[in-house]
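> Could you work out the structure for the sequence below:
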Amino acid sequence: MIDPSNADAVLVAFRGTQPGDLKDWITDADAIQAHTEVGPAHLGFWSALQSVWSPLEQAIADHQDRGQSLWFTGHSLGAALATLAVARLRLDLKPIHSLYTYGSPRAGSLEFTDRFDGDFGEFTFRYINNSDVVTRVPTREMGYSHVGTSLTFDAGGAVHADMHFWNKFLERMKGDLNEFLHGKFALFNDHAIQNYVANAEQNLPVDPF
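Sure, this is the predicted structure:
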């Protein structure tokens, strides 16, 4: 969806995976890479973006009618689509203010990431909620890589910028144990959009850098 334009900004937001489909997607994820104009990218994600590209471009043109800044965001698979959309628009040097993603899977290869980060990495912020399993697929072993700056919500909901791997591992273990003791499976529960929203609101006054 595209947020109605106002005097300051236009927001393009891609909806995430429906909760009932998430486990099936994780199990059946097709990690084939396509050779695209933005570099090697996940075939399924790229195909989904291609299917809406023309109406998306038209909607942006219709709403960005007063030179407003353009922002992108998305959750889950929508985060991957937002990432690929920014990469494609940047090929034509389209000015984009920032990209914020939540619970994003890896959208492309290391080559894709290098190209993306060289152009737009400093304006890309990728939020991870503790043990969120979706942020770990497709795996590095499959040739995939993340873009931008990672911002991690720990087991208590506090935000950290580019936490050291070992610290993130310890926080995941704490979160997994806490969720398990309360009868929940943290790997999937941490992916829920409502948990990202709650943690983001909690950290509005916080500068993680």
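> Now the element after the helix or strand of the chain with the lowest mean pLDDT, going C-ward?
Among the helices and strands of the chain, helix 19-28 carries the lowest confidence by mean pLDDT, DSSP states H and E, at a mean of 57. Downstream of helix 19-28, the first helix or strand assigned by DSSP states H and E is strand 33-36.
> Give the pairing partners of that next one; include direction for each.
strand 39-42 (antiparallel) (DSSP bridges).
> Any buried residues in the helix or strand that the strand it pairs with is followed by, and which?
Reading on from strand 39-42 to the C-terminus, the next helix or strand found by DSSP H and E is helix 43-63. Residues of helix 43-63 classed as buried by neighbour count (16 or more other C-beta atoms under 10 Å): 44-46, 48-49, 56, 60, 63. Where you see a C-beta, it was placed from the backbone N, CA and C, and this is true even at glycine.
> Please apply the same query to stretch 118-137.
In terms of neighbour count (16+ other C-beta under 10 Å), stretch 118-137 has its buried residues at 119-120, 123-136.
> Check pLDDT for the residues you listed and point me to the minimum.
pLDDT across the buried residues of stretch 118-137 is at its lowest for Val133, which sits at 82.
> so where's this protein uncertain?
Scanning the chain with the threshold set as pLDDT under 70 gives 1-6, 18-30, 165-166, 168-187.
> Give me the contacts around stretch 102-115.
If you take C-beta atoms under 8 Å, 6 or more residues apart in numbering as the criterion, stretch 102-115 is touched by 16, 29, 33, 38-42, 45, 73-77, 79-80, 83-84, 87, 116, 126-129, 132, 134-135, 137-140, 143-147, 191, 193, 196, 200.
> Select only the buried ones of these in PyMOL?
Listed next is the PyMOL selection for buried residues among those, using 16+ other C-beta under 10 Å:
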select buried, resi 16+29+33+38+39+40+41+42+45+73+74+75+76+77+79+80+83+84+87+116+126+127+128+129+132+134+135+138+143+144+145+146+147+191+193+196+200
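> Run a quick neighbour tally on the closest residue to Tyr144 other than its chain neighbours.
What sits nearest to Tyr144 in space, not counting adjacent residues and going by C-beta to C-beta, 6 or more residues apart in numbering, is Arg106, at 3.7 Å. Neighbours of Arg106 under the rule other C-beta atoms under 10 Å: 27.
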